[in-house]
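> I'd like to go over a predicted model; first the sequence, then the structure.
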Amino acid sequence: MTSATSPIILKWDPKSLEIRTLTVERLLEPLVTQVTTLVNTSNKGPSGKKKGRSKKAHVLAASVEQATQNFLDKGEQIAKESQDLKEELVAAVEDVRKQGKKNNIVEEALEAVKNATNEQDLANRFKEFGKEMVKLNYVAARRQQELKDPHCRDEMAAARGALKKNATMLYTASQAFLRHPDVAATRANRDYVFKQVQEAIAGISNAAQATSPTDEAKGHTGIGELAAALNEFDNKIILDPMTFSEARFRPSLEERLESIISGAALMADSSCTRDDRRERIVAECNAVRQALQDLLSEYMNNSVNTRKLVVPCTNIALSLSSKL
């Protein structure tokens with residue numbers, strides 16, 4: 001008598017199952033070995049022996065039964081007896097949970113820094129932000145070691161580096177804005193650094209969940225924004241020398257350029273950037289910075305040859321864009 005077996009309904013698709021961490025891989029390896037043994041035992045196919053000499057049915061059944069029992073024993077051993085692996089898995093899950101919470105806490109602390117009303121308030125809020133950032137970096141570092149995908153590990157390392165670098169600049173930029181709230185350049189610079197910190201936190205979150213490679217073009221977003229900033233800067237540096245005011249234009253242009261150079265520096269520091277390209281980026285940044293100072297000096301002198309310096313400065317800026 002045969003009985004119909006109802007199909008097993010899973011809440012996830014086994015075909016799309018992907019192991020993303022080394023801990024889970026280590027935990028599943030013994031089970032995978034037993035499943036392979038079970039499948040190989042039950043699907044050996046026709047025997048090469050002559051008819052009449054093949055194993056009896058009860059012998060084959062016993063072999064399959066033994067493989068099945070081994071599988072169950074191994075699963076039970078992992079589930080009940082292997083306390084070390086159990087604790088390791090629990091710790092890995094807890095790391096992910098902690099990181100999600102830390103991301104939210106750091107984002108809230110970052111928003112508090114942005115809403116600071118005076119320098120003392122800024123100092124207090126930034127101190128709290130720093131504490132939470134250190135905690136986030138700790139759990140992110142642990143997660144980075146667990147990720148199987150090298151690309152995700154690189155993304156995590158880059159995001160952690162970007163967070164550390166921009167967080168350092170955030171305090172200075174915020175302080176400058178509080179001291180000169182009426183200067184558009186200080187607000188723009190503060191907002192730019194704030195956005196970079198936000199993107200770094202998001203990058204840590206994406207890498208932790210191994211979701212960062214979903215859009216290949218996403219990796220080029222920073223480069224596209226930098227190129228757009230260079231084009232905007234290119235338009236800003238062409239001024240009428242007769243109406244040039246150092247107090248009006250110098251701070252704005254210098255702030256814009258330093259923001260661009262900060263973005264270029266992040267790309268130069270990336271683990272994906274070759275050493276020769278890193279050196280070229282640094283050299284071009286210094287060249288653009290010097291060219292701007294030369295140009296501003298000429299504007300101040302109301303030289304009729306100012307246009308001759310505008311073109312080289314523009315060319316250097318565009319060459320920087322093409323090298324990133």
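Cool, got the structure. It should be emphasised that the depicted structure is a prediction, and the values quoted were computed from it without experimental measurement.
> Every contact and neighbour count from this point should use C-alpha atoms.
Noted.
> What about residue 162, how many residues nearby?
24 (other C-alpha atoms under 10 Å).
> The one 4 residues further on too?
When neighbours are defined as other C-alpha under 10 Å, residue 166 has 22 of them.
> residues in contact with it?
Going by C-alpha atoms under 8 Å, 6 or more residues apart in numbering, residue 166 touches 193, 194, 196, 197.
> Where helices are concerned, which of the residues you listed count?
193, 194, 196, 197 (DSSP state H).
> In terms of pLDDT, where does the spatially closest residue to the second one that is not a sequence neighbour sit?
It stands for residue 194. Among residues not flanking residue 194 along the chain, residue 170 sits closest, at 6.5 Å (C-alpha to C-alpha, 6 or more residues apart in numbering). Residue 170 carries a pLDDT value of 89.
> Check which residues of the host helix or strand of residue 170 are buried.
Residue 170 is part of helix 150-179, with elements assigned from DSSP states H and E. Neighbour-count burial for helix 150-179, counted by 16 or more other C-alpha atoms under 10 Å, picks out 152-167, 169-171, 173-178.
> give the contact list for the residue nearest to residue 194.
190, 193, 194.
> Let's have the residues you listed in a markdown table, adding pLDDT, neighbour count and distance to residue 143.
Converted to a markdown table, the contacts of residue 170 look like this (pLDDT from 0 to 100; neighbours: other C-alpha atoms under 10 Å; distance: C-alpha to C-alpha, whole Å):
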| residue | pLDDT | neighbour count | distance to residue 143 |
| --- | --- | --- | --- |
| 190 | 88 | 22 | 30 |
| 193 | 89 | 24 | 26 |
| 194 | 90 | 23 | 25 |
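> Now distance to residue 127 too, for those residues, in JSON lines please.
Putting those into JSON lines (distance: C-alpha to C-alpha, whole Å) gives the following:
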{"residue": "190", "distance to residue 127": "17"}
{"residue": "193", "distance to residue 127": "17"}
{"residue": "194", "distance to residue 127": "16"}
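> so residue 116 sits in a strand?
No: going by DSSP: H, G, I helix; E, B strand; the rest coil, the assignment for residue 116 is coil, not a strand.
> Contacts only, for it.
With C-alpha under 8 Å, 6+ apart, residue 116 has these contacts: 122, 125.
> at 7 Å what do you get?
residue 122 (C-alpha atoms under 7 Å, 6 or more residues apart in numbering).
> quick one: low-confidence ranges for the stretch 151-300 of the chain?
210-228, 231, 240-242, 270-273 (pLDDT under 70).
> Can you show me the helices along it?
In the stretch 151-300 of the chain, helices defined by DSSP state H, counting those that start in this stretch lie at 184-208, 221-236, 246-268, 275-300, listed in chain order.
> can you redo these as JSON lines with distance to residue 111?
Listed next are the helices of the stretch 151-300 of the chain as JSON lines, based on distance: least, C-alpha to C-alpha, whole Å:
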{"stretch": "helix 184-208", "distance to residue 111": "9"}
{"stretch": "helix 221-236", "distance to residue 111": "22"}
{"stretch": "helix 246-268", "distance to residue 111": "20"}
{"stretch": "helix 275-300", "distance to residue 111": "31"}
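> do you know how far the residue nearest to residue 194 is from residue 186?
Separation of residue 170 from residue 186 (C-alpha to C-alpha, to the nearest Å): 12 Å.
> And residue 163, by the same measure?
From residue 163 over to residue 186 (counting by C-alpha to C-alpha), the distance is 20 Å.
> Nearest to residue 250, out of the ones in helices among the contacts of residue 166: which one, please.
residue 193 (20.1 Å; C-alpha to C-alpha).
> Show me how the record splits the protein into domains.
Annotated domains of the chain cover 99-210, 217-324 [automatic domain parsing].
> and residue 300, what is it in contact with?
Contacts of residue 300 by C-alpha under 7 Å, 6+ apart are residue 246.
> ok, now how distant is it from residue 114?
36 Å.
> now residue 163
Taken as C-alpha to C-alpha, the span from residue 163 to residue 114 is 16 Å.
> repeat for residue 292
From residue 292 to residue 114 the distance is 30 Å (C-alpha to C-alpha).
> Of those two, which one has the most company?
residue 292 (23 against 18).
> Only the buried residues of stretch 113-129, if you could.
Buried residues in stretch 113-129 (16+ other C-alpha under 10 Å): 113, 114, 116, 119, 122, 125, 126, 128, 129.
> on that earlier part again, ok, and which of the domains of the chain has the densest surroundings?
domain 99-210 (a mean of 19; mean count of other C-alpha atoms under 10 Å).
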